[in-house]
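K.L.:
Pasted the sequence and its predicted model underneath.
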Amino acid sequence: MYEYNIVRIEMGALKGKPKEDHHEIIHAHAREGWRLVQLFAPPAMGYGTSTFMELYFEREIKA
């Protein structure tokens, strides 16, 4: 069985860059046994960038 964790990262309004360092979030989760499964960013808004991204992590539940 697996458990999941979803981390939402807001994007900056002007430049469309993440407000948090998504690389560091991925590394921090990996150190805790999480595996990155997917990075989701919704379709771009009228000004050409997404407003957020979500990182989907999973890890096996140890019985």
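P.N.:
Structure received. Residues are numbered from 1 along each chain as shown.
K.L.:
Skipping adjacent residues, who's closest to the residue most central in space within the chain in space?
P.N.:
For the chain, Leu55 is the residue whose C-alpha lies nearest the centre (Cα atoms, centre = their mean; 2.1 Å). With sequence-adjacent residues excluded and distances taken as Cβ to Cβ, 6 or more residues apart in numbering, Leu55 is closest to Val7, at 4.5 Å. In this view, the C-beta of every residue, glycine as well, is placed from N, C-alpha and C.
K.L.:
how many other residues sit next to the one you found?
P.N.:
Neighbouring residues of Val7 were enumerated by other Cβ atoms under 10 Å; the total is 18.
K.L.:
Strands along this protein, start to end?
P.N.:
2-10, 35-40, 52-60 (DSSP state E).
K.L.:
Let me see the contact set for the residue nearest to Leu55.
P.N.:
By Cβ atoms under 8 Å, 6 or more residues apart in numbering, the contact list for Val7 reads Ile25, His29, Glu54, Leu55, Phe57.
K.L.:
And the pLDDT at it?
P.N.:
pLDDT for Val7: 97.
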